[in-house]
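J.: The following comprises the amino acid sequence and a computationally predicted model.
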Amino acid sequence: SEGIKEYIKKTPKSKEFSEKSSLIMPGGVTANIKFFEPYPIVMEKGKGAYLFDLDGNEYVDYMLSYGALKLGHGHPKVLQAVQNQLQDEGTMLFGTPHKLEVEMGTKVMELYPSMERIRYTNSGTEATLLAIRLAYGYTGKYKIAKFEGHYHGGYDQVLQSVNPKVNDAGPANNPIGISESRGVDPYIAEQTIILPFNNLEATIEILTKWKDELAGVILEPIQGGFIPADQDFMDGLRKVTEELGILLIFDEVKTGFRISMGGAQQIYGIKPDITALGKVVGGGFPFGIVGGKKEVMDISAPSAFSDVFDSSQSKHSNAQDVLFHSGTYNGHPTILAAGLETIAVLETEIASVFENTEKLKKGIVELFASKSIRAQTIGIGSIFNVVITDLDEVKNYRDLQQSNFALRKEIDYHLLVEGIYMKPLNRYSLSTVHGETEINRTLEAYETVLNKLF
Ligand code: PLP
């Protein structure tokens, strides 16, 4: 493709570096998702809304580390909060409870009232993993249902039908589970039931069939962060899971603090039983939060004081009755300081990010329309995707597969050349430091690219 050729011309140092780094890390990456053809750009510096690569090229960054950086790169207030924390206490990894854990918990529970108790993890993956164990532990059932096209992390139970080939994946209303990696234990894969997103009737049918074995349903309330569940679908899903004794798990790793302070659950007015958070709330550091109904979360309470005090007060007769959750770095103070500062900044600035996102979405659609190309900018809040499609509405994974990925990809490579950073085919996320200048620059780049191609 012409786009890839120009990309290679513009990024010789990234190419050279990638050749060397693949002798260190398979594929030259430390996370498969960071790879794209022919090689990923190697960045050297990030500042505000901008990234700078090894060749000295400057980019407006719309990846924002897969949506994690909602204040942009190196926000002064976050840097200050981290510095204060480090200066006062070193890395302060006490390995004991501490005040910031409660401060963050209080804040999160205020913004997410469904989270009556919380625990911390070190990533979104760990958060959904704990959420699923809680569902198993609470219900005593050992299957989990997830939706086709939804991503919850890279472990066996959920690395099913995230991005399957449609031809292999069975009928749209009764999808087959497809493992997305070598080495996924087929026994565990079989315990995962796949559901069709935004199809309530089919979802109810499948859930009803498996109700005696299903511990929970996990979903991205907004698929991929940009395809919203219909309100009716969400209401119906909440109702049927309640009726069938299946826990409803919202994976808000992407949507939490990004589409609204209170996540998708605030927008839909739905109380899930368990919620997983991550990304933005870590302030740029590895972090996750799991929270939910008190009665569910409390099964992870170790036998309180039983060693020291009266063991008859213990809720659990032996250790096996407790749901085990641990982690050396859980509740890391430096991360909590960064996260708390991030929340504080967002509380005053989030509305402006939404306004700017709308401006950019509108501008992009207009530019496509000027070339008579049917394209949509789909999403809520500060995240969206550009989908080139003849469909009037994109409701789920199968709809998305019908879009013109080839053209979108070609545009993305040309945009990279024009200084707009977006891993080809990925979503756009905005931050508090993406302002008018960046938006205008982006729309100009779009115009240049579309003029070149059409
Ligand atoms: N859940 C969702 C919805 C995500 O988007 C992601 C990451 O992209 C994860 C879970 C996994 O989070 P992490 O990459 O922090 O492990």
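T.: Alright, I've got the coordinates. Residues are numbered from 1 along each chain as shown.

J.: which ones are touching residue 106?
T.: Going by CB atoms under 8 Å, 6 or more residues apart in numbering, residue 106 touches no other residue. For the C-beta atoms, the positions are set from N, CA and C on the backbone; glycine is no exception.

J.: er, residue 275 I mean
T.: So, once contact is read as CB under 8 Å, 6+ apart, residue 275 ends up touching 112, 114-115, 131, 249-250, 252, 256, 263, 265, 289-292.

J.: what residues are up against residue 178?
T.: The neighbourhood of residue 178, defined by CB under 8 Å, 6+ apart, consists of 160, 161, 164, 165, 168, 169.

J.: So what does the first one have for phi and psi?
T.: Same thing as residue 160. Backbone dihedrals for residue 160, given as degrees, to the nearest 10, come out at phi -130, psi 130.

J.: you'd agree it is up against residue 193?
T.: No - using CB atoms under 8 Å, residue 160 makes no contact with residue 193, being 9.1 Å away.

J.: Next, the buried residues of stretch 66-85.
T.: For stretch 66-85, the neighbour count (16 or more other CB atoms under 10 Å) marks 66-73, 75, 78, 81-82, 85 as buried.

J.: just stretch 386-403 next, same as before
T.: By 16+ other CB under 10 Å, the buried positions in stretch 386-403 come out as 386-389, 394-401, 403.

J.: Let me see the mean pLDDT of it.
T.: When the per-residue pLDDT values of stretch 386-403 are averaged, the result is 98.

J.: tell me how far the ends of that stretch are from each other?
T.: 10 Å (CA to CA, to the nearest Å).

J.: what's that stretch in contact with?
T.: Counting contacts by CB under 8 Å, 6+ apart, the residues outside stretch 386-403 that touch it are 147-149, 166, 172, 196-199, 223-224, 227, 230, 364, 368, 373-378, 404, 407-408, 411, 428.

J.: Drop anything exposed from those residues.
T.: For the contacts of stretch 386-403, burial is judged from neighbour counts taken by 16+ other CB under 10 Å, and it is met by 147-149, 196-199, 223-224, 227, 364, 368, 373, 375-378, 404, 408, 411, 428.

J.: Which segments of this protein make up each domain?
T.: Residue ranges for the domains of the chain, per automatic domain parsing: 2-74+350-453, 94-331.

J.: Distance to the ligand added to these, as CSV?
T.: Putting the domains of the chain into CSV (distance: least, CB to the nearest ligand atom, whole Å) gives the following:
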stretch, distance to the ligand
domain 2-74+350-453, 5
domain 94-331, 2
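
J.: quick one: which of those is nearest residue 342?
T.: domain 94-331 (4.0 Å; CB to CB).

J.: State the mean pLDDT of the closest one.
T.: Averaging pLDDT along domain 94-331 yields 94.

J.: Distance from the chain centre to that domain, please.
T.: For domain 94-331, the gap between its own C-alpha mean and the chain's C-alpha mean amounts to 13 Å (CA atoms, centre = their mean, to the nearest Å).

J.: So for that domain, first residue to last residue, what's the gap.
T.: Between the opening and closing residues of domain 94-331 there is a gap of 10 Å (CA to CA).

J.: quick one, which of residue 160 and residue 193 is more surrounded?
T.: Here residue 160 and residue 193 are compared on neighbour count by other CB atoms under 10 Å; more neighbours surround residue 160, at 27 against 19.

J.: Could you tell me which residues make contact with the more buried one?
T.: 146, 177, 178, 179, 180, 184, 189, 192, 194.
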